[in-house]
Each structure stands twice: as structure tokens, then as C-alpha cells.
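A.B. asks: Sequence plus the predicted model coming up.
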Protein chains: 4
Amino acid sequence: MFKLAEDSNYMMPVNFGGAGGRPPAITYHDVTSIQVAYETDSEGLAAFIPEPFQMLQPVLAIQYSMCRRVDWMTGGGYNLISVGVPVVHAHGGERIDGLYVLIIWENRTAPILTGREQTGMPKIFADIEDHHQLGDTLLTNASYEGSTFLKMSFRRTKQMSPDELKVLSQRFGTVNAFGWRYIPNIGRPGAALSHATLFPQEFVYTAAWQGEGQIHWNALAPQYEYYPMSALAGGAASKAFGQLPIKAYGECLLTHGSLVLRSDLARQLG
Amino acid sequence: MFKLAEDSNYMMPVNFGGAGGRPPAITYHDVTSIQVAYETDSEGLAAFIPEPFQMLQPVLAIQYSMCRRVDWMTGGGYNLISVGVPVVHAHGGERIDGLYVLIIWENRTAPILTGREQTGMPKIFADIEDHHQLGDTLLTNASYEGSTFLKMSFRRTKQMSPDELKVLSQRFGTVNAFGWRYIPNIGRPGAALSHATLFPQEFVYTAAWQGEGQIHWNALAPQYEYYPMSALAGGAASKAFGQLPIKAYGECLLTHGSLVLRSDLARQLG
Amino acid sequence: MFKLAEDSNYMMPVNFGGAGGRPPAITYHDVTSIQVAYETDSEGLAAFIPEPFQMLQPVLAIQYSMCRRVDWMTGGGYNLISVGVPVVHAHGGERIDGLYVLIIWENRTAPILTGREQTGMPKIFADIEDHHQLGDTLLTNASYEGSTFLKMSFRRTKQMSPDELKVLSQRFGTVNAFGWRYIPNIGRPGAALSHATLFPQEFVYTAAWQGEGQIHWNALAPQYEYYPMSALAGGAASKAFGQLPIKAYGECLLTHGSLVLRSDLARQLG
Amino acid sequence: MFKLAEDSNYMMPVNFGGAGGRPPAITYHDVTSIQVAYETDSEGLAAFIPEPFQMLQPVLAIQYSMCRRVDWMTGGGYNLISVGVPVVHAHGGERIDGLYVLIIWENRTAPILTGREQTGMPKIFADIEDHHQLGDTLLTNASYEGSTFLKMSFRRTKQMSPDELKVLSQRFGTVNAFGWRYIPNIGRPGAALSHATLFPQEFVYTAAWQGEGQIHWNALAPQYEYYPMSALAGGAASKAFGQLPIKAYGECLLTHGSLVLRSDLARQLG
């Protein structure tokens, strides 16, 4: 018979073995990111943030990353687009600043599964085109079953100096990503698991450019607004984002470097 | 602020809404399946079955299904290949016969997520080719990141009569699929959730053929044998299946029809 | 040394062998099609038709086909979306009515190559979603590198009777598809081959529905308007179609059946 | 009516416009290549080389390239695996050394079409995995409809010095690629076009490593050996390559840099 070891972690299917001990930090050796942030309507955005998180600024921070040389994925990689909001998590005397992650689209299933189940990151699938680069302009888009719901572009205007890179690493190098892990009851309403999570991440930048970014949202067809496709295709999210106004773009960046996911420091909150 | 309703079910991302009440049964209107079963080594196979399940026969039942007109997926669909073992679940006076599902590969992410999180079905991603049909021969294969790990073929020899179809529906029309839902602790060993599950399924056959099936397993490269890719790419499973001998093929079938997943009857076991 | 046989046909790469004799007719055993036609601006449309073809009606006939059980493709298949215009080819006393094919998008490369090189069909690649079916509504879309350029829907309202199917086969069962085969000179302007082609096709309908169709064009990004991507991504075509008005929809159909491509009757015209 | 301009080049579909003048050289700004060459059986290999090419060495030179920032493809890219043989083309007093290209697999259709029609490069489609990198080992594979036919790996052992890079550029920086452009007659045997081609290419290396390469061929299923899938899926080629012995590996390289395709110098030979 098969037996689960209590000092190990597993992922489904469990029957073929897990891994002993505490989860290790994991390294992504080659990451290219485009970050575009904009100010939007405060009340509209706050409606998506659960207690006890408190929104610090009415800002949507959208990040495209092309991740390659990912050790745990046999040296392969994937693309992602995440949408976060600056928040503070204040609970029982502890106060942590970070980014509440509203949604992450990724174009491979394996990191979607680890993210959802191991750290409560709200990852779902989309086709995310490897970015194109024509001169100083970078472009990408995201689609679901052939329907484009997001177009993103960036025009790089100025490369950062080594000193500016250092400052950048100090300001943005460590990110406290917050999620909400939810696993439903089976065959009846309510949750088997439902709690906030913390998942720290560390970037090391080897090159960066300032520039101008642009975001264009497109709602999916109405049939994607019904549960569970509203959640799993991002139907509800892409519609909601499209209805939030873009009041003003903030600082936009293109970066190259590596990333360490601190699975060893991830934890359940509250 | 966003608040989770207690009388609803959600899937991540939760922030954009869930669905009230008990989960409904869901219909797949157009399903083509190839079923190939074979006897293998009893001891080797039993090593993958967790307590309190008891193996009834040392048989691997492999099923390819091309699912289309799936209502919850906006009328779209996906392909799957499942591997199960006939078992009985005996617990506290209750005794249920069914199929313990060792693994399910699927080529779309959304049903992988609902299966894992809502009913503990051990679903992971693979590229699964829509079956080809040349005369009476049907062929398909499954691959991960470009590496073929399973080839499957079926030669149909005799179409079933309406009377035989009725008998088939009585014998195989209802399947008690068993899984094991496991969600790990965050940042430390052990499980946040770990339990057996039951997920009943009902097939209605509109046409069926008997015939001869063939299965050929191929282990993925060694780097896919390390956790978590051993689980998430099926590296460990495809290697294990390749090492279990094919002693004798059992009855093989090609069927057309529809399928109802009884999410309303699914439940946690034990 | 390798030698080309003069009584054979080859496709690149030629070095591994061709096929002797006249090309055979080829059968597609399982084809589901949605046909949507609409009247548009006569002058605007005529600008895309080369001499000696003469436009018979200012109509764009758009056809989505999901082709399966294609013998020459080892029993597999592909999806296509074609756009044609009713024309007559009058040349040297011969007069043939048919459909001038402005463009065909397909989601597999092999039939694109045979179509372009063997019969001058203007086939290019797009991602074409297998149609979804929700109740009586069928939906599909086409995209290039993640950008949707065409959405197509059909609501079936009335199934045809056996008598109506017979009439349908008489009216639409045989189609003279016209193309223009063009192969450029190498390293300098002008054509190495440039001529009209005829490629007859025969449909056998096993079921059909009347209904209401809808088409929505979306131009690709401006960078797809430059040669050769204007041709190879359909950038110029999708922009042109989007600028032609939809004056009135004509008869729209959903059909199931099989298709014979009369490669044996295909020929160079003029 | 639409009219073709004689001082322009077109690609099908021609109706939406071409480009005037001589084709320009085109730049690929970001190319990563793995080159693995091995000695094989002289007689077996020569059987695939057409007159008037003469094989210089019984060597198969296999190159994987991940091409990005390709200007003509709107800044996107594609992967390719080419197989060539060192030859000389001697004709009418002219003698050109180069590489006769037996086959090129690519994972995007647009460059397959330009290559075949504009320069006679024998390009066909395959799924080619972006290479993985785990430490010093790079891996990739190629598959057709889910069947792996080629696995390729490279372990980098020594990075080249700036001086060695210079020597490398002198030795390998310019490649005369030879192809055979063949377009068949329509509806009858024989060729409408059939001739050798020359397509010069220039590499600029920015980094390179020596190392050890490995190639593993796998024949596709027998149904892929029939024309035209023998040509268009590489069924005949992958079978032929698998039957040619690997006698000894030659120099293997990993390179980064850019590539200029000299479309302006391409020409018909003979």
C-alpha cells in the first residue's frame, strides 16, 4: 500500500512520491519583465480587496514576465502577467507592506498548480505571446481560447546607470506578494481552506530601462462571465479591469535579471 | 472591501465572485472515448494505492476521451487520458466499488483546476493529440514539452447492437471515481488537506465498437523524475507504468455518447 | 546521387521521394462547416479581383470548416476559414462559374503548403479555435500571434429535411474554387510563376441547419500591414475586410458531411 | 480590378499588395544556436544530394536556432532545426562551397512560406521546444503531432575568448546555403519550377562555447512515410537520418549573436 509521509510535501497525484523537509527557495535565472502601473478609481478597486488587507494607493501594477532557465521546471520556463495592488496586511500587531495579487495569468499549467496550491497565488491559464521587440518598442498580448483580452506595450526611452540599478534593487528588489488560498468543500457550499498568504520574492536586476507603457483591456464574451469560467478564464477580472478608468500612468520599467521565490519564507497569514 | 459568502463556492481568484448553493451536476454533450485495459503485476500496482482502498484486480484501465460541447466551458472542450485501478473503498460500514484514479492528463488548464481543487482528481497537463482515424484504426498520443510518453491505438472490429449497448450502459454506465485530495502546508512539511474523495460519473452511450487496443509507455527524461515535476509532468507515473508489465489486454472499447459529472453527489470520504 | 523522376510529383524537401502519376482525388470524411455570406460594397470588393475574373455579385462568402478524418493527413485534420467571391472565369471561349478565393486561414502548416504550391490556394496560418457549441449557438474565432482578427457565430434555427438536403447538394455540392498561384523570382522583382488556377471540390451533406450568422472583423496591429506580413498574417486582408461594409446577410448554413478535393481535375487556367 | 505590378514581389494571397524593388537583406537581432555535426556513411548520405552538387564530406551538420527580434516578423521569432551537408556547386565554370540543406523544421508557418517560395529552402513544420538550460546543459526536442522524432542536447565546457570568437566568425560567419526549389505542375506529373538555389547568410557572434553535443533520431509512425506526409511531416527524412550511423561527433558549438539573411544576394543556380 501507498502511505503519505508526514514530514514531506506532496502534490497531486500523491501516489508516486513527494519531497521531504521544508520547501526550498527556488531560482529563475533569466527573467525579462515589463512593469506598467496606473492610478485608477479608489472605490472601484477597493471592492476587490479582502479584509484584513488595506489598500495603500488606488494603483493597478501590471507586470509581464518572460521566465526562462527555471531550475524546478527542468530548465524551461513560462510567461506570466500579474495584476497587483499596493496594500498593508495588519494583523495581531504584525504589519507587512506588499502587493495584493488580484490575478496572475500564466501560459503553462505546472507553475499555475504550484502557485495555487502551495501559496494561494490566484493563477489561471492564458495564452501569453513571447514579447516582440521592434527597435525600442516591446509588445505582447494575452488571449483566452483565441480571444484577446489584454494588449500591452512599452517603449524604452532611457537605460539605467549602474547606480540607478542599485537604487532600483533597493526599492523594488524584494516584494511581499499576498494571495488568498481558497479550496472549496466538496459537493456543498463553503470552504475547506480559506486564508490569506504571504509569498516573498527577490529580484536581482542586471539591466533596466525607463519608458512609456500602455495597457488595453478587452472583456471576453459574455459566456465567460459565469462561474467557474468567470474565475478560471479571467472573464470577470478582465471585465472589471476594463471598467476601472486609467487615470494616470505611473513609472514604467523594462528589466532583465533573475528572481528567487522564497518558498522557504512563504506562510499562511492571520 | 471584498467578502466571501459562506453559502457559496469559489475558485481562485476569489475576488471577482463565486456561485451560491450546492454544485450542480454538469453535462458533456459530446464525448468519444477509447478504453484499453490490461492485467499487470499485482504487487507492483498495489504499491500506488493508498489505504483504505483495496485493489480488486491488478488491472490498469486507460481511457482516452475527447470531450466537446461542455456546457460549463462555454461549449468548448478538451482531451483527457486517465489511468485507474478497480478498487473497493470500505470504511465505517460503508462499502463502495469503483475506480481509483492514479492520474489524469488533460490538455486544458481549467478542468485540471476544477478537478484537483473541487474533487481531488489527480489531473495534470499534457499535450494530447485529437485522435486520428484512418479506416478502422484510431490513434492518439500524449507528450510533455515535446517528449512523447504514451502512444495509444485502437482497431475497431465490431459495432455493438442496440441490445449490447443497453448491457454496456448497465455494466459501465455509472463509474465511482475515487481520488485523493491533497493540499500542502505552506512553507513547512505536511498537509493542510489530505483525504479520499468520491466523484460519481454517468455515461450514456449512443454507439460503441469492440476492438483491439494497444498501449506503449515511454519514460520522460530523468530530469522530470524530481519533485515536483515528477508529479506535475507525470515523470514518475510514466516511468512507473512503463515498468509494470502488460500481461494480457482485456476488453477494449470505442464509445460515443454523453457524460454527466455528478458534482452534486461528490464528497469527501472517510 | 538523387534524381527527380519526371513522371512524379514532389514537394520540398524533394530529396526523400515523391509520388508517381496523376494526383488523386482526396477525401475528407468528417467536415463540419458554418457558412455566412453578406453583401458588401461592389467597387471596394472588385478592387481585389484580378483579370480575367469577373465578379458576379458583391458578396463575401465566409466559410469555417472543421475537417477531420483526412486520409492524406494520416487521419488527422485541421480547421480553416475561407473568404470567397462569386465570379466567372471567361477565357478563350471557356466560361466557368465559381468562387474566387481571396484568402484561406488554416491552423496546420501541411495543408497550407499543398494548397499554395499544388493549386494556388492563398492559404496562410492562423489560430482557429475548434467551434464551441452552447445549445443552438456555435462560436469560433481566429487570431494571429494572440490578436483576434475575426469572430464568427451562428445560431441554428431549423434543420433541413432530407428533401431540402438533396436540393442543397444540387445547389452547393460542387464548387469551382479559383486561386492565383504566384511564386516570385529570387533576389529580384517579378514572378517565376503567376497564373489563375481551378480546384473543384465536392461536398456530400449528411445534415444541415439554416440559421443566423454574424461576422466581426478586427484589424491586426499596424506593424502587420507591411509586406510580407501583410500577406502572411493576413494583416492587409483583415484590415480590408473590416473596411468593407456589411450591407445585408444572405443565407447562412451549418452543415455536416464529407468533402472530396478533386486534385485530379485541378488545373492551371488561361 | 486588381493588377500585379511587374517590378514588385508578391506572396499569396497576392490581391492585397506586394513590395516594390529588389528584396532587402533582413536581420535577426537575437539568435541562439546549437550546432552538432557528425560523420556518417558516405554512400548512404550521398543518395540524397542532387546533381550538380558534390558532397565534400560525409557529415550531417545539425543546427538548432532560437531566433528572436526578427524585424520582418514584427519583432517576433521562431525556432528551427536544419540539417545540412558540406557540398560544392560546380556549374559553368563557377564553383561555390556551401551547405546543401536537406531539410529545415520550423515552428512558425510564415518563415516556412517565405523560405520555400522565395529561396527554395526545404522548410516544413514541427513543434520545436524552446531549449531548456539546466546548469551547463541545454536540451531541446522536435515533434510532429505529438510524436518526438529528434532529441538534441549540448553540454557547454569552455567559453571562447574574444580572439577565438574572431576566428569563429571568419570560419563560420558566412554560410552559402543551397536549396532546391520545386513547384509541381497542377493536376499532372512533373515540375512547373525545379532548380537549385543559393541563399547566403551572415552570422555575427557575440558569445560562443565549445562543448559536447548529442543527437537522437526517432522515426515517425509508418503512416507518415507516404507522400506527401513523407515530405511535409519529415516522415521519410527522420527515418532516413535514423538509419544513417553516427560514426563520430565533430566540433559542437553554442553561439549567441545576430544573423543577416542576404535575400538581396539569393539567386537561382544553374
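C.D. replies: Cool, got the structure. Residues are numbered from 1 along each chain as shown, chains lettered A, B, ... in the order given.

A.B. asks: Averaged over its residues, which helix or strand of chain A has the lowest pLDDT?
C.D. replies: Least confident helix or strand of chain A, by mean pLDDT, DSSP states H and E, is helix A:162-172 with a mean of 92.

A.B. asks: Return the set of buried residues in the strand ranked longest in chain A.
C.D. replies: Across chain A, the longest stretch assigned as strand under DSSP state E is strand A:191-217. Residues of strand A:191-217 classed as buried: A:191-194, A:196-203, A:205, A:208-209, A:211, A:213, A:215, A:217 (neighbour count, 16 or more other Cβ atoms under 10 Å in any protein chain shown). C-betas here are computed from N, CA, C, even on glycine.

A.B. asks: Name the nearest residue to residue A:239, sequence neighbours excluded.
C.D. replies: residue A:219 (4.2 Å; Cβ to Cβ, 6 or more residues apart in numbering or on different chains).

A.B. asks: Contact partners for the one you found?
C.D. replies: Residues in contact with residue A:219 (Cβ atoms under 8 Å, 6 or more residues apart in numbering or on different chains) are A:149, A:235, A:238, A:239, A:242.

A.B. asks: rerun at 10 Å
C.D. replies: Under the criterion of Cβ atoms under 10 Å, 6 or more residues apart in numbering or on different chains, the contact list for residue A:219 reads A:147, A:149, A:225, A:235, A:236, A:237, A:238, A:239, A:240, A:241, A:242, A:243.

A.B. asks: likewise residue A:72?
C.D. replies: If you count contacts by Cβ under 10 Å, 6+ apart, residue A:72 has them with A:24, A:26-28, A:110-111, A:114, A:261, A:263, B:226-229, B:232.

A.B. asks: got it, and residue A:155?
C.D. replies: Residue A:155 sits next to A:135, A:136, A:137, A:138, A:139, A:209, A:211, A:212, A:213, A:214, A:252, A:254 when contact means Cβ under 10 Å, 6+ apart.

A.B. asks: now the first one: how far from chain B?
C.D. replies: To tie it back to what came earlier, the one meant is residue A:135. 32 Å (Cβ to the nearest Cβ, to the nearest Å).

A.B. asks: give the contact list for that residue.
C.D. replies: By Cβ under 10 Å, 6+ apart, residue A:135 lies in contact with A:155, A:156, D:29, D:69, D:71, D:75.

A.B. asks: Present the residues you listed as TSV; the columns should include pLDDT and secondary structure.
C.D. replies: As requested, those are exported to TSV (pLDDT from 0 to 100; DSSP: H, G, I helix; E, B strand; the rest coil):
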residue	pLDDT	secondary structure
A:155	98	strand
A:156	98	strand
D:29	98	strand
D:69	98	strand
D:71	95	helix
D:75	97	coil
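
A.B. asks: Any figure for the gap between residue A:266 and chain D?
C.D. replies: When distances are taken as Cβ to the nearest Cβ, residue A:266 and chain D turn out to be 24 Å apart.

A.B. asks: Check residue A:87 too.
C.D. replies: 35 Å.

A.B. asks: ok, that residue touching residue A:176?
C.D. replies: Yes - here residue A:87 reaches residue A:176: they are 9.4 Å apart, a contact under Cβ atoms under 10 Å.

A.B. asks: More neighbours: which of those two?
C.D. replies: Each of residue A:87 and residue A:176 had its neighbours counted (other Cβ atoms under 10 Å in any protein chain shown), and the higher figure belongs to residue A:87 (23 against 18).

A.B. asks: name the element the residue nearest the centre of chain A belongs to?
C.D. replies: Nearest to the geometric centre of chain A sits residue A:82, at 3.6 Å (Cα atoms, centre = their mean). Assigned by DSSP states H and E, residue A:82 falls within strand A:78-91.

A.B. asks: Help me see whether that strand makes contact with chain B, please.
C.D. replies: Yes - Strand A:78-91 reaches chain B (Cβ under 10 Å from any Cβ of the partner chain) through residue A:83.

A.B. asks: Next, the angle strand A:191-217 makes with that strand.
C.D. replies: Orientation note: strand A:78-91 sits at an angle of 120 degrees relative to strand A:191-217 (axes from the mean of the first three to the mean of the last three Cα atoms, to 10 degrees).

A.B. asks: List the buried residues in strand A:78-91.
C.D. replies: With burial defined by 16+ other Cβ under 10 Å, the residues of strand A:78-91 counted as buried are A:78, A:79, A:80, A:81, A:82, A:83, A:84, A:85, A:86, A:87, A:88, A:89.

A.B. asks: didn't the first one look like it was pressed against residue A:113?
C.D. replies: No - no contact is recorded between residue A:78 and residue A:113 when judged using Cβ under 10 Å, the distance being 11.9 Å.

A.B. asks: re earlier: select only the buried ones of the contacts of residue A:72 in PyMOL?
C.D. replies: Those of the contacts of residue A:72 that meet the burial criterion (16+ other Cβ under 10 Å) are gathered into one PyMOL selection, given here:
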select buried, (chain A and resi 26+27+28+110+111+114+261+263) or (chain B and resi 227+228+229+232)
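
A.B. asks: now the contacts of residue A:72 in a markdown table, with pLDDT and secondary structure?
C.D. replies: Listed next are the contacts of residue A:72 as a markdown table, based on pLDDT from 0 to 100; three-state DSSP:
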| residue | pLDDT | secondary structure |
| --- | --- | --- |
| A:24 | 94 | coil |
| A:26 | 95 | strand |
| A:27 | 97 | strand |
| A:28 | 98 | strand |
| A:110 | 98 | helix |
| A:111 | 98 | helix |
| A:114 | 98 | helix |
| A:261 | 97 | strand |
| A:263 | 96 | coil |
| B:226 | 93 | coil |
| B:227 | 94 | coil |
| B:228 | 96 | coil |
| B:229 | 95 | helix |
| B:232 | 96 | helix |
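
A.B. asks: And the contacts of residue A:72, which is closest to chain C?
C.D. replies: In terms of Cβ to the nearest Cβ, no member of these lies closer to chain C than residue A:111, at 19.3 Å.

A.B. asks: Would you mind listing what in the stretch 1-150 of chain A touches chain D?
C.D. replies: Applying Cβ under 10 Å from any Cβ, one finds that the stretch 1-150 of chain A approaches chain D through A:29-30, A:68-71, A:73-77, A:129-135, A:137-140.

A.B. asks: pLDDT value on residue A:173, please?
C.D. replies: For residue A:173, the model assigns a pLDDT of 89.

A.B. asks: ok, now the one 5 residues further on?
C.D. replies: In this prediction, residue A:178 carries a pLDDT score of 98.

A.B. asks: dump the residue contacts of it.
C.D. replies: Shown in contact with residue A:178 (Cβ under 10 Å, 6+ apart): A:49-50, A:53, A:84-85, A:87-89, A:96-101, A:119-121, A:196-199, A:269.

A.B. asks: try it again with 7 Å
C.D. replies: Shown here is residue A:178, whose contacts under the criterion Cβ atoms under 7 Å, 6 or more residues apart in numbering or on different chains are A:53, A:87, A:89, A:98, A:99, A:100, A:101, A:196, A:197, A:198.

A.B. asks: swap in residue A:256?
C.D. replies: Applying Cβ under 7 Å, 6+ apart, we find residue A:256 in contact with A:32, A:206, A:207.

A.B. asks: Residue numbers of chain A in contact with chain C?
C.D. replies: A:127, A:129, A:134, A:141, A:142, A:143, A:145, A:146, A:147, A:148, A:223 (Cβ under 7 Å from any Cβ of the partner chain).

A.B. asks: Tell me the pLDDT of the closest residue to the last one other than its chain neighbours.
C.D. replies: What that stands for is residue A:223. Setting aside the residues directly before and after it, residue A:223 is nearest to residue B:74 in space (Cβ to Cβ, 6+ apart), at 4.3 Å. Predicted confidence (pLDDT) at residue B:74: the value is 96.

A.B. asks: now residue B:74: how far from chain D?
C.D. replies: Residue B:74 is 25 Å from chain D, where distance means Cβ to the nearest Cβ.

A.B. asks: Number of residues surrounding that residue?
C.D. replies: By the other Cβ under 10 Å criterion, the neighbourhood of residue B:74 contains 24 residues.
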